[in-house]
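**Student:** Please find the sequence and the predicted model below.
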Amino acid sequence: MRVLRNLSNDRLGMAALIVIAMTLTAGICAPWLAPHDPLAVNMRLRYAGPSWAHWLGNDHLGRCLLSRLLYGIRPSVLWVMLALFVSVAIGAVVGFAAGYLRGRIDAALMRICDVMLAFPGYVMTLAIVGMLGPGLDNILIAFAAMKWPWFARIIRTSVMQYSDMDYVKFARLSGSGPLRVMRMHLLPMTFADVAVLSSTALGSMILQVSGLSFLGLGIQAPHAEWGMMLNEASEVMFSRPELMLAPGVAVVVVVSAFNFLADALQTALDPKLLTSRQRLRRRKVEAVAYEYTRG
């Protein structure tokens, strides 16, 4: 409740949360919100401009851009969130085991993470997609395989930090088992760090999926995806630049919303940052009032 109250005081964070909620709702309800079949070809409407029937116009095959934009939320955002969830789950298991048990288990698990993190993430994603073949499923598998060591490292650091707290030591002495201590005491404390990092990572993953689809390595035609829509519109980029506007703006708005939400969550979860931001805001108001009284 305290986090929600602090987050509600951040207008930019609340605006970002509203944009994300509306985007996810539109993606889930795309079959009911889309005015037309996103795969329906109508060459009579090829490159048609916006109209009452097609608010964003039509592409090179006469397909409704608005319908394709709505259906594109699923591979561009929803399935990326699923891959992120898998990465966080694997990273949490490894991070909790390494940070709480320590010793040889910690050393072995962290050496595995070091080996995985030694490879450039984007290059390894391209390598995995190259071996498995183009497709959204293979991109998500690559993301899950390359992202979990990063989350494991972060979660391990948080677990080691909080496991030395007095109340955690008291829980151990009182007879609570490792699983109960992790679930009741360590998981709520590490949730804040994971939430902030997940919001930031999600924006980066959306950009990568769109970029790979733009290069032809992601979801394949005729399915709708924002990066593929940019690829298809790039052929007429100079004669019909408006075709790139809708998917491009969608990517920028959604990624920016996740980045703003990550910043707002970090402030809401850390009272010190919240206090410093309130002080800065108060000083700005006092400075404006002082200048006004002088004028």
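**Tutor:** Yes, it's here. Numbers count the residues shown, from 1 in each chain.
**Student:** Give me the pLDDT for Met110.
**Tutor:** At Met110, the model reports a pLDDT of 90.
**Student:** quick thing: my sequence starts at 655, can you match it?
**Tutor:** All set: I'll call the first residue 655, so the last point we hit is now Met764.
**Student:** my read: it touches Ala752, true?
**Tutor:** Yes: applying Cβ atoms under 8 Å, one finds Met764 in contact with Ala752, separated by 5.9 Å. C-beta coordinates here come from the backbone N, C-alpha and C atoms, glycine included.
**Student:** The two: which is more packed in?
**Tutor:** Neighbours per residue, other Cβ atoms under 10 Å: of Met764 and Ala752, the larger number sits with Ala752, 25 against 19.
**Student:** give the contact list for that one.
**Tutor:** By Cβ atoms under 8 Å, 6 or more residues apart in numbering, the contact list for Ala752 reads Ile759, Asp760, Leu763, Met764, Ala806, Arg810, Val813.
**Student:** Just the buried residues of the regular element (helix or strand) spanning the fourth one, please?
**Tutor:** Following DSSP states H and E, the helix or strand that holds Met764 is helix 757-771. Within helix 757-771, the residues scored as buried using 16 or more other Cβ atoms under 10 Å are Asp760, Leu763, Met764, Cys767, Met770.
**Student:** Was I right to think Val813 contacts Thr844?
**Tutor:** Yes: between Val813 and Thr844 there is a contact under Cβ under 8 Å: 6.2 Å.
**Student:** Please work out which residues outside the helix holding Met764 touch it.
**Tutor:** Val748, Ala751, Ala752, Gly753, Met800, Trp802, Pro803, Trp804, Ala806, Arg807, Arg810.
**Student:** can you give me the offset of it from its chain's centre?
**Tutor:** Remark: helix 757-771 is offset 26 Å from the chain centroid, using Cα atoms, centre = their mean, to the nearest Å.
**Student:** C-alpha coordinates for it, PDB please?
**Tutor:** The C-alpha coordinates for helix 757-771 follow below in PDB (Å, rounded to 0.1, in the frame of the first residue of the first chain):
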ATOM      1  CA  GLY A 757      29.800 -21.900  -0.100                       C
ATOM      2  CA  ARG A 758      30.500 -24.300  -2.900                       C
ATOM      3  CA  ILE A 759      27.000 -24.000  -4.300                       C
ATOM      4  CA  ASP A 760      27.400 -20.200  -4.600                       C
ATOM      5  CA  ALA A 761      30.900 -20.600  -6.300                       C
ATOM      6  CA  ALA A 762      29.700 -23.200  -8.800                       C
ATOM      7  CA  LEU A 763      26.500 -21.300  -9.800                       C
ATOM      8  CA  MET A 764      28.300 -18.000 -10.100                       C
ATOM      9  CA  ARG A 765      31.000 -19.400 -12.300                       C
ATOM     10  CA  ILE A 766      28.300 -20.600 -14.600                       C
ATOM     11  CA  CYS A 767      26.800 -17.100 -14.600                       C
ATOM     12  CA  ASP A 768      30.200 -15.600 -15.300                       C
ATOM     13  CA  VAL A 769      30.600 -17.800 -18.300                       C
ATOM     14  CA  MET A 770      27.200 -16.900 -19.700                       C
ATOM     15  CA  LEU A 771      27.700 -13.200 -19.000                       C
END
